[in-house]
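Chemist: sharing a model prediction with you, sequence too.
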Amino acid sequence: MNSIIELHDVSVTYPNGQSALKAVSSVLQNGTIYGLVGANGAGKSTLFKAIMGFVQPTTGYVRIAGKQIKQALKENLVSYVPQTEEVDWNFPVLVEDVVMMGRYGHMGFLRRPSKDDRKAVSESLDRVGMSDFKKRQIGELSGGQKKRVFVARALAQGSRIILLDEPFTGVDIRTEDSLINLFRSLASEGHLILVSTHNLGSVPSFCDEVMLINKELVAHGPVETAFTEENLIKAFGGMLRHHRLVGTDLHKDEDSRSVTVLTDDERPLVLYGEEGVEKITQPGDKT
Amino acid sequence: MMELLLEPFAYNYMIKAIWVCALVGGTSAFLSSYLMLKGWSLMGDALAHSIVPGVALAYLLALPYAIGALFAGLLASLSMVIVKQKTKLREDATIGLIFTAFFSLGLLIVSINPTSVNIQAIILGNILAISDDDVLQVVLISIICLIILCLKWKDLVAVFFDENHARSVGLQVSALKILFFTLLSAACVAALQTVGACLVIAMMITPGATAYLLTDKFSRLIMIAVALGTSTSAIGAYLSYFMDANPGGFIVSLQTVIFLIAFVFAPKYGLIKRKVIVHG
Amino acid sequence: MDSLVAALIEPFAHDFMIRALVMSSLIGTVCSIFSCFLVLKGWSLMGDAVSHAVLPGLVLAFVAGIPLVIGAFIAGLFCALATGYLKENSRVKEDTVMGIVFSGMFALGLVLLTKIETDLHLMHVLFGNVLGISQSDLIEAGSIALICSFIMLIKRKDLMLFCFDPAQANVIGLPVKVLHTGLLVLLALTIVSSLKAAGIILVIAMLITPGAIGFLLSRSFGKMLIIAYISSLFSCLAGTILSFHMDVATAPLIVVIQTVLFILALTFRKKNRSQKGVQHVG
C-alpha cells in the first residue's frame, strides 16, 4: 500500500492576481509525520487546498498514490482536520454525528450507517478518549475536546493520509501531548501525517520531516538537517522574534556555546551549542 | 419635439415628483457609499420592510407617517439586538426573521383595514400622488440627513474603515454608529415614498457600488454616487411620464443599467480592462 | 367547545378551503425543510434575492405563453448565477451585488407588469392568495413541493455536510459544486412552488423562521428538521383556517403565527439552557 503525495511544480495564483504558491515540488512518503511550517500567508493553507483539490494549481499537478486527486478522494485516501476557527460550533450536530461524517464516503446513496460504520465511529472516539462525550453538541466542548472530535472523524474515515491544519492552536498541553502520541502511533501504522503549524517549538518534538515554505519551498528534509536557524529565517523573513544569548551572557567560564530562541508567538524554538552547530533542545532535555 | 419633452413640466405633480425623487436619490446615494463597503445590503432591505407596520398604523390613526415609520424601525432594530444577544443564530437569519415578521405584521394590519391604507403605495411607492404633508416630511428628513452627512462624513469613514483607530483618535464610535443607523432608517422612510419598500434597497446600494467601480478615492466616490443617485432618480421620474410606468421601478431599472455599463466599461475595474490584463 | 369544533370543521365544507389547506401544508413542508439548510448556511439574503428576482420571469413567461413556474424558476436561478458572475468579475462585495441584481430584476418586473397587459394580479403575485388557488395550480405547485421535499429528505445528510463543512464534503469525494448548484436549484424550486400561496415577498419568512425555531430548540440536525417541520405545518394550517374565519390575508397571518412560535421558543429555551448550564457546572 503506497500512499504518497507527489507535488510536481505546483503553483497557485488566485484570480485577483495574488500568487500564493510558487513551483513547489516534493514527495511525501507514508509512515512519516511531516511538519509544514511557514508564517501566516506563506501558503500553508493553499498547499492543503491544492492537495485536497479545493484549488486547481495554475501550473503543475498533484498526485496521490499515483492517482488524480478526484479519484484519490473518491477512494477515501485523504482526510482532513480543519482549523478550529473554520468550524461553525453552533451547528446543531452531536459529537457522534461529526465523527459519522467521516464515514459518508463509505456509505450508500442514503448515507445510512452500517454496523461497520458504527463500529468505526465508536473505535475512533475511544482512541481519542471522547467516547463519554458522544451525545454532546460540539459547541459544548472545550478547545482540546473539539480538536479530538475532528481527529476522530479523520480516523473513522480510515484514510492513509491525514492533513491537519494548525491542530495545536487553542489546545491545552495535555491534549497536545496526547495528540502527538496519537500521531506517532498512526505513523508507525503506516499513515502519512501532514501537520501545518506555526508553532515552531513543538516541531522537533513530533515531526520526522519538516517542510519550510514561504510561497516557495525553502527546505524539505529530516528535522535535524532542514530545521535550521538559517532555513527558518529564510522562511519567516523578519517575522520571528530572535534572541541569542552567547556564552558570555550565560556564564563566566570559557564555554562558548550559545542559546538561540526563535519564536513567533507560541512555544519558542531553542537552539543550544557552539555557534553554527547548535542543537535543538527539548524542554526537559539535560545538556 | 421640444414641446413634447417639456410636457411633464406642465404638470405640478410631475415637477414635484422629479425634484423630490432627486433629493431622496441623492441622500440615499450618500448613504449607499458606506453601506455597500460594509456589506450591509440586507440591513438596508430589512429596515425598509420593517417600517411598513409603522406606516400602516400611522395612516390608520392619521398621524404623520414618518413618526410611525421611525418608531417601527426603532422597534425592529431593538428586536434584532435582543434576538442576537439571546441566541446563537447567524446574523443574517436574525435580520431576516425580524424584518419579515414586522413586514407581515404590517400587511396584516392593512388587511384588517383595507380601506384606510393603500398597500400598493407602501410597497411600490406613491410619488405621483404624494400628498403635500408627505412631501414636507420627505423633504425635511432628506435635508436634515444631508446636512448631518456633509458635516460628519469624514468621522463616519474613520469609524467604518478602522474602528479601533477611530476610537484611539477620540471619536465617539458607538454614538457615530447609532447616528449612521438613525440616518439610514430616516433615509429609508423617505425613500419608501418614492420607490416603495421593495426597491429601497436599490437606492441604498446601487449608486455607491457603481461609483466604487469608477474611483478609489472615497470623497470622489461619494460625489459620484450622489450625482448618480440624484440624476437617475430625476431622470427616471421624468421618463416614467412618457413610459406611463411605475416611477420607482423605472428609477431602479435605470440605476441597474448604469451599474452594468460601469461593470463592463469602467476604466480601471471594468470587465473589458480585466480581460485585457488577463490576456495581455 | 362545540363551537370550536364547528369552527375547525366548517372550512372543510368548502372545496377551495380543502385545496388551500392541502396547498399550505405542502409548502409548509418544503419551506421548513429548506429553512434548516438556509439558516445554517447563512443564505437569508440569497433567499430574499431569488424570491424577488422571480417577478420579471413571471411576466415574461406570460408573454411567451409558457408555464409561469418555468419563467419564475429561470429568473430565480438567473439571479443567483448572475450574482456569482458579477462578483467574480468585479471588486464589489457579494451581498452588494446580490442586492443590485435582485432589486434591478424586481424593478424590471414592475415596469414590465405595468406596461404589459397580463392577467397577473400584482397583489396576488406579491402576497399570494392561497384561498383562491385552483385545482391545476395545486397539482403543479404541489408536485414541485413534494419532489423538492423528497429530494432534500433523502439527500439531507450530504446537504447538511455541505453546509457544515464543505472541505470535509470535498475530501470524502462528494461533488461540492453539484451540491452548491443543487441547493440553489432547490431554493428556486421551493420559492416557485410557494408563489401562489405565499407570494414572492413573504416566502422568505417561511424560509427562515421555521429553521430558526428548530435551531433554538435542538442540538442535532434531525431534531431541528422535525421541530421546524411541526412548527411550520402548524402555522400554515392554523393561519389558513384563522384567515378564513377572520377574513384577513392568509400569508401574513401564517408568518405572524410563526413569529409568535419563535418568541415562545425563545422563552421556553431559556429555561432549557439554564438547566443545562447547571448540569455543566455540576
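Modeler: Done, it's in. Since the structure is predicted, the reported quantities are computational estimates derived from the model, not experimental observations.

Chemist: neighbours around the residue of the stretch 1-150 of chain A found nearest chain B, how many?
Modeler: Nearest residue of the stretch 1-150 of chain A to chain B: residue A:90, at 4.1 Å (Cβ to the nearest Cβ). The way it works is simple: take the backbone N, C-alpha and C, and place the C-beta from them, glycine included. Residue A:90 sits with 15 neighbouring residues when counted by other Cβ atoms under 10 Å in any protein chain shown.

Chemist: show the pLDDT at it.
Modeler: According to the prediction, residue A:90 has pLDDT 92.

Chemist: sec struct for the residue nearest to it when sequence neighbours are not counted, please.
Modeler: The shortest distance from residue A:90 to any non-neighbouring residue, by Cβ to Cβ, 6 or more residues apart in numbering or on different chains, is to residue B:88 (4.1 Å). Following DSSP: H, G, I helix; E, B strand; the rest coil, the label given to residue B:88 is coil.

Chemist: my read: residue B:88 touches residue A:91, true?
Modeler: No - between residue B:88 and residue A:91 there is no contact under Cβ atoms under 8 Å: 9.7 Å.

Chemist: next one: whichever strand or helix holds residue A:25 to chain centre, how far?
Modeler: Using DSSP states H and E, residue A:25 falls within strand A:19-28. Offset of strand A:19-28 from its chain centre (Cα atoms, centre = their mean, to the nearest Å): 16 Å.

Chemist: check which helices and strands the helix or strand following it is in contact with.
Modeler: Next in sequence after strand A:19-28, counting helices and strands by DSSP H and E, comes strand A:33-37. Secondary-structure packing of strand A:33-37 (3 or more Cβ pairs under 8 Å, 6 or more residues apart in numbering or on different chains; DSSP states H and E): helix A:44-51, helix A:173-188, strand A:192-197, helix A:203-206, strand A:209-214.

Chemist: who are the packing partners of the second one?
Modeler: I take that to be helix A:173-188. On a contact count with 3+ Cβ pairs under 8 Å, 6+ apart, helix A:173-188 meets strand A:33-37, helix A:143-157, strand A:192-197, helix A:203-206.

Chemist: ditto for the first one
Modeler: Helix A:44-51 sits against strand A:5-13, strand A:19-28, strand A:33-37, strand A:59-64, strand A:161-165, strand A:192-197, with contacts defined as 3+ Cβ pairs under 8 Å, 6+ apart.

Chemist: the residue lying closest to residue C:209 once chain neighbours are set aside: what's it in contact with?
Modeler: Closest residue to residue C:209 apart from its sequence neighbours, by Cβ to Cβ, 6+ apart: residue C:258 at 4.2 Å. Neighbouring residues of residue C:258 by Cβ atoms under 8 Å, 6 or more residues apart in numbering or on different chains: B:101, C:205-206, C:209-210, C:213, C:231-232, C:235.

Chemist: can you rerun that using 7 Å?
Modeler: Residues near residue C:258 by Cβ atoms under 7 Å, 6 or more residues apart in numbering or on different chains: C:205, C:209-210, C:231, C:235.

Chemist: of these, which is the most crowded?
Modeler: Top of the contacts of residue C:258 by neighbour count (other Cβ under 10 Å): residue C:210, with 35 neighbours.

Chemist: which helix is the longest one in chain B?
Modeler: The helix that spans the most residues within chain B, counting by DSSP state H, is helix B:132-161.

Chemist: that helix vs chain C: in contact?
Modeler: No - contact of helix B:132-161 with chain C is not found when judged by Cβ under 7 Å from any Cβ of the partner chain; the minimum separation is 13.2 Å.

Chemist: what residue in chain B comes nearest to chain A?
Modeler: Closest point on chain B to chain A, by Cβ to the nearest Cβ, is residue B:88, at 4.1 Å.

Chemist: burial of that residue, as a residue count?
Modeler: The burial count for residue B:88: 13, using other Cβ under 10 Å.

Chemist: thinking again about what came up before, the residue of the stretch 1-150 of chain A closest to chain B contacts residue A:139, correct?
Modeler: Yes - at 5.5 Å, residue A:90 and residue A:139 qualify as touching, with contact defined as Cβ atoms under 7 Å.

Chemist: if we can go back for a sec, what pLDDT does the model give the residue of chain B closest to chain A?
Modeler: Predicted confidence (pLDDT) at residue B:88: the value is 91.

Chemist: do residue C:17 as well
Modeler: At residue C:17, pLDDT is 92.

Chemist: which among the helices and strands packed on strand A:33-37 is found nearest to residue B:81?
Modeler: helix A:44-51 (34.6 Å; Cβ to Cβ).

Chemist: what's the mean pLDDT across that closest one?
Modeler: Mean predicted confidence for helix A:44-51 is 92.

Chemist: got a list of contacts for it?
Modeler: The contact list for helix A:44-51 (Cβ under 7 Å, 6+ apart) reads A:5, A:10, A:12, A:20-21, A:24, A:36, A:38, A:55, A:57, A:62, A:163, A:165, A:196, A:213.

Chemist: how far out from the middle of the chain is it?
Modeler: For helix A:44-51 - counting by Cα atoms, centre = their mean - the centre lies 11 Å from the chain centre.

Chemist: tilt between that helix and strand A:192-197?
Modeler: Counting by axes from the mean of the first three to the mean of the last three Cα atoms, to 10 degrees, helix A:44-51 lies at 150 degrees to strand A:192-197.

Chemist: list the contacts of stretch C:240-251.
Modeler: B:107-108, B:111-112, C:7-8, C:11, C:17, C:20-21, C:24, C:127-128, C:130-131, C:197-199, C:202, C:239, C:253.

Chemist: restricted to buried residues, select the residues you listed in ChimeraX.
Modeler: To isolate the buried ones among these in ChimeraX, judged by 16 or more other Cβ atoms under 10 Å in any protein chain shown, type:
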select /B:107,108,111 /C:11,17,20,21,24,127,128,130,131,197,198,199,202,239,253
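
Chemist: neighbours around the closest residue to residue B:14 other than its chain neighbours, how many?
Modeler: In space, and not counting its chain neighbours, residue B:14 is closest to residue B:8: 4.1 Å by Cβ to Cβ, 6+ apart. Residue B:8 has 18 neighbours, counted by other Cβ under 10 Å.

Chemist: same check, this time on residue B:175
Modeler: 11.

Chemist: how far off centre is whatever helix or strand residue C:45 lives in?
Modeler: Under the criterion of DSSP H and E, residue C:45 resides in helix C:44-64. In terms of Cα atoms, centre = their mean, the centre of helix C:44-64 is found 14 Å from the chain centre.

Chemist: rewinding a little: just put the helices and strands packed on helix A:44-51 in JSON lines and tack on mean neighbour count, mean pLDDT and distance to residue A:120.
Modeler: Shown next, in JSON lines, are the helices and strands packed on helix A:44-51 (neighbours: other Cβ atoms under 10 Å in any protein chain shown; pLDDT from 0 to 100; distance: least, Cβ to Cβ, whole Å):
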{"stretch": "strand A:5-13", "mean neighbour count": "19", "mean pLDDT": "92", "distance to residue A:120": "24"}
{"stretch": "strand A:19-28", "mean neighbour count": "18", "mean pLDDT": "91", "distance to residue A:120": "25"}
{"stretch": "strand A:33-37", "mean neighbour count": "25", "mean pLDDT": "93", "distance to residue A:120": "23"}
{"stretch": "strand A:59-64", "mean neighbour count": "17", "mean pLDDT": "93", "distance to residue A:120": "21"}
{"stretch": "strand A:161-165", "mean neighbour count": "24", "mean pLDDT": "93", "distance to residue A:120": "15"}
{"stretch": "strand A:192-197", "mean neighbour count": "25", "mean pLDDT": "92", "distance to residue A:120": "19"}
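
Chemist: closest to chain B out of the contacts of residue C:258?
Modeler: residue C:205 (3.3 Å).

Chemist: help me confirm that the closest one is found in a strand?
Modeler: No - secondary structure assignment (three-state DSSP) places residue C:205 in helix, not in a strand.
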